[in-house]
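**Student:** Following is a predicted model, sequence given first.
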Amino acid sequence: MTPTKGDVKHWLKAIGKNRDWLAMECGTEKGTVNNWLSPSGPFPASAMLKIQSLMSQYKTVQPEDEPVQTNRLVLEITEERMRKYERAASEKGVPLRQWLTDLADEAAEERQLRPTHSPWFPWSDNFRPMLDTPGVNTVRK
């Protein structure tokens, strides 16, 4: 089945990619991709074949018939960091959005597993013996 322009837009959003990325993958400019996705712009057959190939390679995580309820998080990062993150996600075989979400989930779970202490308790526990030792306590009562 040939995807519609709406399918391509939805797919890009679902995998966390943008038109710049699609242009790079198709060997063209972002403006050309914008034209393809505009209401009146035609998709060349060669571009559609490439996009279909990419769509089978980068599958969406969420089934298309299920409504997606999401919160948006925008990261402003350098191109170098973006490429690093894309490589890491690719090595795991998952879309970038899923890789970032998994990483954030792991960090949140790890944080929840750490015991929470007031910053004052370790200090007072470490120095209590010294404070309770006669002749060392310089605080007068």
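**Tutor:** That came in fine, so what should we check first? Bear in mind that the values here come from a model prediction, so they are computed numbers and not experimental data.

**Student:** so where is this protein shaky, pLDDT-wise?
**Tutor:** Applying pLDDT under 70 to the chain flags residues 61-70, 113-141.

**Student:** got the buried residues for the lengthiest helix in it?
**Tutor:** Taking DSSP state H as the assignment, the helix of the chain that covers the most residues is helix 96-113. For helix 96-113, burial by neighbour count (16 or more other CB atoms under 10 Å) applies to 96-100. Heads up, the C-betas are built off the backbone N, CA and C, glycines and all.

**Student:** Make a markdown table from these and add distance to residue 108 to it.
**Tutor:** Conversion of those to a markdown table gives the following (distance: CB to CB, whole Å):
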| residue | distance to residue 108 |
| --- | --- |
| 96 | 19 |
| 97 | 16 |
| 98 | 16 |
| 99 | 15 |
| 100 | 13 |
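
**Student:** coming back round to it: pull the distance from the longest helix of the chain to the chain's centre.
**Tutor:** Taking CA atoms, centre = their mean, to the nearest Å, one finds helix 96-113 lying 10 Å from the centre of the chain it belongs to.

**Student:** Same question for stretch 78-91.
**Tutor:** Here stretch 78-91 shows a centroid-to-chain-centroid distance of 10 Å under the convention CA atoms, centre = their mean.

**Student:** Residues contacting it, please?
**Tutor:** For stretch 78-91, contacts defined as CB atoms under 8 Å, 6 or more residues apart in numbering pick out 77, 95-96, 98-100.

**Student:** again, only using 10 Å
**Tutor:** Under the criterion CB atoms under 10 Å, 6 or more residues apart in numbering, residues 15-17, 20-21, 58, 75, 77, 94-100, 102-103 lie in contact with stretch 78-91.
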